[in-house]
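S.K.: The following comprises the amino acid sequence and a computationally predicted model.
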Amino acid sequence: MTKYIETIGIEVHVELKTNTKIFSSSKNGYGQMANSLTNVIDLGYPGTLPTINMEVINTAIKAAHVLNCKIRKTQHFDRKNYFYPDNPKNYQITEARTPIGYDGYVEIEIDGEKKKIEIEEIHIEEDTCKSAHRGKVSLLDFNRAGVPLIEIVTKPCISTSLEAKLYLEKLRELLFYSDISDCKMEEGSMRADANVSIRKNITDPFGVKCEIKNIGSISNVKLAIECEIKRQSNLLDKGESFKEQTRRFDDKLGDTVLMRVKETGNDYRYFPEPDIPYIVLTDEVINSAIKSLPMLPDERREIYISKGVSLVNANKLIANRDLSDYLNNFIDTDLNFKEATNLLLGDISAYLNREEKNINDTKLTIEKFSDLVNKISDNTLTSKNLKDILDKILEEDKTIDEIIKECGISNITDSNMLNDIVLKIISENPDSVTDYKNGKDRALKYLMGQIMKETKGSANPKLVSDILIQELNK
Amino acid sequence: MSKYLDLDLVEINKLLKKKEITPTDLVLECFDRIEKNKDLNCFITLNKEEALKRAKELEDKEITSLTYGIPIAIKDNIVTKDLRTTAASKMLENFIPIYDADVIKKINDSGMIIVGKANMDEFAMGSSTQTSYFGHTKNPWNKKLVPGGSSGGSAAVVSARITPIALGSDTGGSIRQPSSFCGIVGLKPTYGRVSRYGLIAFASSLDQIGPMTRNVYENAVVLNTICGKSKNDLTSFDTSEDFTRLIGEDISGMKIAIPNFYVNDAIDMEIKNKLNDVVQILKSKNCTVDYVDIDYIDKAVPLYQIIAMGEASSNLARFDGIRYGYSYENPKNIDDLYLKTRRFGFGNEVKRRIMIGSYLLSGENATTYYNKAMAIRNKMRNSFLNVFKKYDLIIGPTATTKAYPLGCDLDDAVKAFMDDILTIPVNMAGLPGMNLPIGFSIDHLPIGMQIIGAPFDEAKIYKLGSFIEKELNLDLTPSGGDNND
């Protein structure tokens, strides 16, 4: 097979996380009873008019900002006219000519190299309703009709299926983090189309473009692009040509399937929506939307790593937005972030998962957490202690000190007392002592374990380790 | 039968307050008149049972407005909850809305009683009420003539003194031209003055609901009721003022402009003469009357056709047989459903306009026609606004002719628009404009003049209108078409 140059562009539709729909006061929700979140406007009743939900505009400003786009200050909506049963008015209200964001980029990292995936534009539009086909009839659920969407269109600047995957992962992380969207591909709140073409030489014009519509997951986007490139390459190798077309990815088949060949470009009869006056964004509106953005993943990652957290743990934290937000309360303090991260991702996560709770629903105040981390850092509390009292810490209003007192935790920090126990264990385990002296590290761990057992876990491990090594080396 | 409905609103109000009559008396009298004028075919749907029920309810309540208890007819493109709303189309023959238009809420809140839905041209497309699926309406002044349109039913109802008030809608003259043909006062308010929410859209950037009444004062009273910003209509404006406030004020010193286009050769001599009589009166009252030019005013009709039909083709796309209205039975597939529903559901004029509108917005045509029309429209509006920098009001005839025989124009799509050459520029510029009866033709048919104001200057229109009305003191009760055969 000849090697071709791949050109990929990606269009992503993202449902915005707003309380109400874009042009009506119906609730914006998922998974509700069919047609329960609709009103006369969503249904395109005669005489109805759209209103504009400013929350949508603000959310779209945020999206434009996090995708490094320029923000257009004066915009209007247009009508895109086409007949389809899922399109209640038989026109869709969209920003065809004045997209709110343009000329942006998303930075991805590929083999250690950074690459900017350029964003052509972001525009706001309304979602259509959802159709389901049952034998001879089709059912329509208008709950989705009028849900706000943004469409994010890249330039044809993606060179491989891997880049496409990394771009989508990065996009999802950014939008999810900024509270712009749930980005759940399985629920359809994020939907991707890939435009794929190939050509022989970089100096050739772009090849014939095939669009793969509505791919169900990010990994399938990568697969679909790979299959499509293979398909196109085979055709070109055989000297065959093909027309511009729309395809879909069939993951059972593991290949793209033809939906329709594009005839002479679609005629959507666009014209400016006369029911919605021009929207003029002031600097104040733009700035206040941007100001309300939470800290983005890249910045979090940078801060965590600078505070001694491993990359793996930093990524784990970022993947759990609530924990990351919680930890961010301490950015300006000298809290031990490494210990704090271990605690959050370890015992606290285990508790939250078990109890199906959110960290903000526990009694772990900021003061308590900081106290807890400090007590673990300075060995006042052992990991055994923590396991014993964590539930109380998370469920009761008492301070850590009160809980320690109540549970009768008094760790053996008396080195004389520890010394005696260490000597006792050494004398009881001569084989291990010999092993240790022969350089077997495992022996040390075994002896430590025996001491902790003897003290029922209440000895300060650091202190025990110091004394043990000292005695063994005598 | 009583004749309370011939009294003006102030007198009816006094009688109601004195408990000499009740809203029920008015409603019963109204339905008696509806029955007697059945042959006019003013109504598509009557609301007798509900109207009587409501009249009964109103009897025990405090009378809070001048329009309290007054029967009103509503053009059938304004949606009324639980009351059939057809837009005079087979497409909506059985359509019962589940919500009220904004104006309907205001009408109800002010105590008016809706007695029925008035006939009109199908989807307000026409100038003679002959494109209605429910048959044409006759002109109360002469039953062989058209009442004008598209708000022909509303105009005929008020003209025949069936109800004192009707609501119409005006996209290119649909309130003013039938008002002229039927001898009543009809105002198209400034674009944005009245919420369009619940008005079945024809051309969104031009449509406006307005009052149709027997006299100027009552028109202002109704506008007081229906105006104002609505959270449902982003193109509506906040306007709280009393439109009757300038009525009765001295008009001397007013500066009036007449566009040269408004005295062109297409206009009947009879009409021009009547307008001249008015001009003489105004001059005698120390008003300045000058002739002015307005850019592109002669191109308003083709510009209007591009914009109105383009918008209409999109607005009427929702009638597809899926969610409401007429639906072709047993279609072969979805395309067949669309095709047959729209083929059999729409009348010829509507289909004609949808087709032209779709063509005008197709591909490159959108740039060649629609965008260009919008640009020239702006220039025309600016030219109007320039005139209003120097003049208080613009006047001219409302229509080029008096009411013409039924059956005319039906198959001459272009000529039908020529009826509207004097009203269309007002919609295109978003201005308020009112028809005022100023006399009769030699065969005793009403002739109207148009008073056009700067945006949101309706009060001034009413000021001049009521002055002229008083000066002329015309008897505007149709003497009965039978005598005029």
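M.R.: That came through, no problem. Numbers count the residues shown, from 1 in each chain, chains lettered A, B, ... in the order given.
S.K.: list the contacts for residue A:406?
M.R.: A:392, A:398 (Cβ atoms under 8 Å, 6 or more residues apart in numbering or on different chains). Every C-beta, even on glycine, is put in place using the N, C-alpha and C of the backbone.
S.K.: Tell me the pLDDT of it.
M.R.: Note on residue A:406: pLDDT of 81.
S.K.: Need phi/psi at it.
M.R.: phi -60, psi -40 (degrees, to the nearest 10).
S.K.: What's the separation between it and residue A:389?
M.R.: In this view, residue A:406 and residue A:389 are 9 Å apart by Cβ to Cβ, to the nearest Å.
S.K.: measure the residue nearest to residue B:121 when sequence neighbours are not counted to residue B:131 for me?
M.R.: Counting by Cβ to Cβ, 6 or more residues apart in numbering or on different chains, residue B:121 lies nearest to residue B:150, which is 3.7 Å off, once chain neighbours are set aside. Distance of residue B:150 to residue B:131, computed by Cβ to Cβ: 8 Å.
S.K.: what do the two both touch?
M.R.: With Cβ under 8 Å, 6+ apart, residue B:150 and residue B:131 have common neighbours B:121, B:125.
S.K.: In terms of neighbours, single out the busier of these two.
M.R.: Higher neighbour count among residue B:150 and residue B:131: residue B:150, with 36 against 25, using other Cβ atoms under 10 Å in any protein chain shown.
S.K.: ok but the more buried one is inside a helix, no?
M.R.: No. Residue B:150 is assigned coil when assessed by DSSP: H, G, I helix; E, B strand; the rest coil, not a helix.
S.K.: Could you look up the SS state of residue B:450?
M.R.: Assignment for residue B:450 (three-state DSSP): strand.
S.K.: Now for it: which residues touch it?
M.R.: Counted by Cβ under 8 Å, 6+ apart, residue B:450 has contacts B:176, B:180, B:395-398, B:422-423, B:426, B:433-436.
S.K.: What's the separation between the closest residue to it other than its chain neighbours and chain A?
M.R.: Once flanking residues are discounted, residue B:450 sits nearest to residue B:398: 4.3 Å by Cβ to Cβ, 6+ apart. For residue B:398, the distance to chain A (Cβ to the nearest Cβ, to the nearest Å) stands at 26 Å.
S.K.: just checking, residue A:101 touches residue A:62?
M.R.: No. Using Cβ atoms under 8 Å, residue A:101 is not in contact with residue A:62; the gap is 10.0 Å.
S.K.: Now residue A:76: closest residue in space, sequence neighbours ignored.
M.R.: Here the residue nearest residue A:76, using Cβ to Cβ, 6+ apart, is residue A:278, at 4.8 Å.
S.K.: how near is that neighbour to chain B?
M.R.: Residue A:278 is 10 Å from chain B, by Cβ to the nearest Cβ.
S.K.: how does chain A divide into domains?
M.R.: Under the assignment automatic domain parsing, the domains of chain A span A:5-284, A:295-406, A:415-472.
S.K.: from those, which stretch is densest packed?
M.R.: Of all the domains of chain A, domain A:5-284 has the most neighbours on average by mean count of other Cβ atoms under 10 Å in any protein chain shown, namely a mean of 18.
S.K.: Give me the distance between that domain and the centre of its chain.
M.R.: Distance, stretch centre to chain centre, for domain A:5-284: 18 Å (Cα atoms, centre = their mean, to the nearest Å).
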